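A.B. asks: have a look at this prediction, sequence included:
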Amino acid sequence: MYSMSQPDPVRLEIFKNLYQFIAEQMGIVLQNTAASVNIKERLDFSCAIFDSLGLLVANAPHIPVHLGSMSESVSSLINAEGNNIKPGNVYLSNNPYNGGTHLPDVTAITPIFDTENKQIIFYVASRGHQADIGGITPGSMPPHSSTILEEGIIFDNFLLVNKEDFQELEVRNFLLNHSYPSRNPDQNIADFKAQIAANNRGVQELLKMVNQYGLETVKLYMQFVQDNAEESVRRAIDVLKNGAFIYEMDNGAKIQVKVTIDRENRSAKIDFTGTSTQLNSNFNAPKAVTQAAVLYVFRTLVNDNIPLNAGCLQPLEIIIPEGCMLNPIYPAAVVAGNVETSQTIVDALYGALGVMAASQGTMNNFTFGNQKYQYYETICGGSGAGINFDGTDAVHTHMTNSRLTDPEVLETRYPVQVESFSLRFHSGGKGKYAGGNGVIRRIKFLEPMTANILSSHRLIPPFGLHGGEEGKVGRNWIKRENGTEEYLDSTATAEMQSGDIFVIETPGGGGFGKSS
């Protein structure tokens, strides 16, 4: 017999899968009801469930940079609103200084009350990347923003639904009353409603669990699932060694990390002291993003099938000096920190641990638009090789897990043409195990629009490990209709005319080990 202080292994497996299944159900509802291509087609969203303290319990396998940081948003809501949170309320948050990642990622948070509406027993949340949330460029991913205010509209525990009454007028006014307002508030509101629907599914399913198993059991197994994740990470730490790594970025900034293993306590200290100070560019990563990257790395070292949750963080001590580029102070710009710097953190950690060469190390963020159209995509590349495996060609790596829009959908919804999309052969680093190849993506514009590229590893190549060769750097350039070619930096804005082609060549992954 198993006591209530000791989980039944069979029940643990059942509950672990039930919690994950609820998050997956939320994701299906969000995808089916969303209006934007970004959420419906690219699947740039995440759903998760949290305990009454706002700690992550389980998630669907969505976007790692969202999932590792979302509990900070829920905790921020609890700290700010506390007893003011009422049944039937839903809150919006995207503040990077309160658990957000960057402004396009907007989180809808729904508290779940007990049957008597007296106390909050759980929270559910869904985070979706808005196609546009204002800011100085269409798509809200400006390559050259220098403050958070230039990147769009900040929701900080905004009351979206007040006792089941959707605050449409209030949210519309909020989207428009800004120095750089949203370009498509109708689409924002439609996606917010889809997030509310996704959260409602989570509420229904969790209450169904409570009805079937009892509140005490459901809460107890939430704790057991977190405890199980903690033990799994400790087992992974048991076989790791101390290490350190310094990784420079295209802009001259560097990420420095030292990992120290405490054998006795089966824990690890991850110290980012020595990392560059806060930048004047937008490559600053909010503290929640840095934490998410660390959480992701240690979760990937676990062979067991566990949900990413708060238990994974328990064995980890993370030191991030305030005012460095991985823990910036308001109003630092952060839009690239979420998508680019997060990737560099991951690769630096794998380098310090000596387990995997660098991936392409970028999401190759491509946005284009005008007042009528706004579009955003991340583009795949090569993954790094590891101790006993080759890298993979043309894959989204690490902190991103979205997909590219189908060409038919893209060309139907926007005045562009996918001229070609192919592997970039010989871009992966050679080694005993070879890095994966990047891709070449060519988008032809059929009417004038502003295009932006926000990328990395156009100057600094993705590193190889243990004698493996570096991956090839990426390239961004434009072929104008008159045949001239225009080469762009890692981050750039360009005015595209009808007939112009924007070309993005993504980096390859690094190789691992010397070739025989």
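C.D. replies: Cool, got the structure.

A.B. asks: thinking Met70 is in contact with Thr107, fair?
C.D. replies: Yes. Here Met70 reaches Thr107: they are 6.3 Å apart, a contact under Cβ atoms under 8 Å. The way it works is simple: take the backbone N, C-alpha and C, and place the C-beta from them, glycine included.

A.B. asks: compare the two and say which is more crowded by neighbours.
C.D. replies: Neighbours were counted for Met70 and for Thr107 using other Cβ atoms under 10 Å; Met70 has more, 31 against 28.

A.B. asks: quick one: least confident helix or strand in this structure?
C.D. replies: When each helix and strand of the chain is scored by mean pLDDT, DSSP states H and E, helix 64-67 comes last, with a mean of 67.

A.B. asks: these two touch, right, Ala288 and Ser69?
C.D. replies: Yes. Because the distance of 3.7 Å satisfies Cβ under 8 Å, Ala288 is recorded as touching Ser69.

A.B. asks: more neighbours, these two?
C.D. replies: Ser69 (29 against 26).

A.B. asks: how far away is the more buried one from Thr450?
C.D. replies: Distance, Ser69 to Thr450, using Cβ to Cβ, to the nearest Å: 29 Å.

A.B. asks: show me what the one helix or strand Ala194 maps to is packed against.
C.D. replies: Per DSSP states H and E: Ala194 is located in helix 185-213. Contacts defined by 3 or more Cβ pairs under 8 Å, 6 or more residues apart in numbering; DSSP states H and E place helix 185-213 against helix 9-33, strand 45-51, strand 90-93, strand 105-113, strand 120-129, strand 158-162, helix 168-176, helix 215-238.

A.B. asks: and of those, who's closest to Gly384?
C.D. replies: Nearest to Gly384 among those is helix 215-238; the distance by Cβ to Cβ comes to 18.6 Å.

A.B. asks: buried set for the helix or strand just after that closest one?
C.D. replies: Next along the chain after helix 215-238, taking DSSP H and E as the criterion, comes strand 243-248. Residues of strand 243-248 classed as buried: 243, 245, 247 (neighbour count, 16 or more other Cβ atoms under 10 Å).

A.B. asks: phi and psi next, for Arg442.
C.D. replies: Torsion angles at Arg442 (phi, psi; degrees, to the nearest 10) stand at phi -120, psi 120.

A.B. asks: give me the spatial nearest neighbour of it, chain neighbours excluded.
C.D. replies: Once flanking residues are discounted, Arg442 sits nearest to Glu419: 4.2 Å by Cβ to Cβ, 6 or more residues apart in numbering.

A.B. asks: for Phe421, same thing?
C.D. replies: Nearest non-adjacent residue to Phe421 (Cβ to Cβ, 6+ apart): Arg441, at 5.2 Å.

A.B. asks: wait, what's in contact with that neighbour?
C.D. replies: Listed by Cβ atoms under 8 Å, 6 or more residues apart in numbering, the contact set of Arg441 reads 366, 379, 418, 420-421, 503-504, 506.

A.B. asks: okay, it: pLDDT?
C.D. replies: Note for Arg441: predicted pLDDT of 98.

A.B. asks: hey, what's it bridged with?
C.D. replies: With beta bridges defined as DSSP bridges, Arg441 has these partners: Phe421, Ile504.

A.B. asks: what's the separation between it and His426?
C.D. replies: Computed as Cβ to Cβ, the Arg441 to His426 distance reads 17 Å.

A.B. asks: which intervals of the stretch 1-150 of the chain have sub-threshold pLDDT?
C.D. replies: Within the stretch 1-150 of the chain, the segments meeting pLDDT under 70 span 1-4, 61-67.

A.B. asks: switch to 80 and redo it
C.D. replies: Residue ranges of the stretch 1-150 of the chain with pLDDT under 80: 1-5, 60-69.

A.B. asks: still on that earlier bit, closest to His178 out of the buried residues of strand 243-248?
C.D. replies: Sorting the buried residues of strand 243-248 by distance to His178 puts Tyr247 at the head of the list, at 35.8 Å, by Cβ to Cβ.

A.B. asks: my guess is the closest one meets Pro461, correct?
C.D. replies: No. With contacts counted by Cβ under 8 Å, Tyr247 stays clear of Pro461, the gap being 11.3 Å.

A.B. asks: so what sits against both of Met70 and Thr107?
C.D. replies: 99, 125, 127.

A.B. asks: which residue, other than its chain neighbours, is closest to the second one?
C.D. replies: What it means is Ala125. Closest residue in space to Ala125, ignoring its immediate chain neighbours: Ile109 at 4.6 Å, by Cβ to Cβ, 6+ apart.

A.B. asks: contact partners for that neighbour?
C.D. replies: The contact partners of Ile109, by Cβ under 8 Å, 6+ apart, come to 73-74, 77, 90-93, 123-125, 199.

A.B. asks: go on, Pro96?
C.D. replies: Counting by Cβ under 8 Å, 6+ apart, Pro96 touches 102-103, 148, 286, 288-289, 334, 338.
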